[in-house]
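Undergrad: Got a predicted model here, sequence first, then my questions.
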Amino acid sequence: MRLFSVLVRTPVRVTSATYFSDLRLPDARAVARGLRRRDPDLLDRLIEQYQYRLFRYLLYLTGSQETAEDLFQETWIRVLERGRQYDGQSKFETWLFAIARHLVIDLSRRKSPRSLDALTEAESGHPFEPESIGPSALDLVTGRETGARIEASLGRLPAIYREVLLRFQEDMKLEEIAAVLGTPLPTVKSRLYRGLEALRELFGEGAA
């Protein structure tokens, strides 16, 4: 039985080992061709490659294991159903995480009139754009922190900051994060900067 068939019938159980697997996926255009054919082998490889990162992303956004599991499975169902919409012009993971994010927003809108995009009071007016942000910015905050403490601190941040920091922590380029969020690059930079500042404050509280 193929992985996708099992996936949509059972709870999600992923491990960090999956995240570090190297399955040598084909390039984006080959992935697009495979999705148009609904190639089951390709889909299994995509799930194995991205399941840990996708589930962690959904868990941080929703704060619920059960909700994250449901949306995780729904995301892959959407990939199967809408594979023809992926044209291979951008990275597959950018398209994948955009699907997942839209599902989270749709769910939040059903539960509350406010979506993730509405939680932007701190960015009213012109978003603040620092001169430069690089990987060293996150290293400065997290270099001496344990993984558990980082995850706990991220969980206390507003979702709009949490998702940007999570993607940045995984070495996505700011332009790729903007594509996932459907948000202008200056806004992504603003959220990243404010999220880093919030993390610094949380770590400071822990040291007090």
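TA: Good, I have the coordinates.

Undergrad: Distance-wise, check Tyr50 relative to Trp76.
TA: Tyr50 is 9 Å from Trp76, where distance means Cβ to Cβ, to the nearest Å. No exception for glycine: its C-beta is placed from N, CA and C like everyone else's.

Undergrad: Actually, Ile160.
TA: 25 Å.

Undergrad: low-confidence ranges in this protein?
TA: Applying pLDDT under 70 to the chain flags residues 1-25, 112-151, 168-169, 204-208.

Undergrad: what ranges do the helices span in the protein?
TA: Secondary structure of the chain (DSSP state H): helices located at 3-7, 16-19, 28-37, 40-62, 65-81, 92-111, 135-142, 147-154, 159-169, 174-181, 185-207.

Undergrad: State the phi and psi torsions of Ser64.
TA: phi -140, psi 120 (degrees, to the nearest 10).

Undergrad: Near it, how many residues? Count them for me, please.
TA: Residues contacting Ser64 under the criterion other Cβ atoms under 10 Å number 12.

Undergrad: Also Asp87?
TA: As a burial measure, Asp87 scores 12 neighbours (other Cβ under 10 Å).

Undergrad: right, and it touches Val31 too?
TA: No - the criterion here is Cβ atoms under 8 Å, and Asp87 misses it with Val31 at 10.3 Å.

Undergrad: From Asp106, how far off is Arg194?
TA: To Asp106, Arg194 is 25 Å away according to Cβ to Cβ.

Undergrad: Quick check: which of the helices of the chain is buried the most?
TA: helix 159-169 (a mean of 22; mean count of other Cβ atoms under 10 Å).
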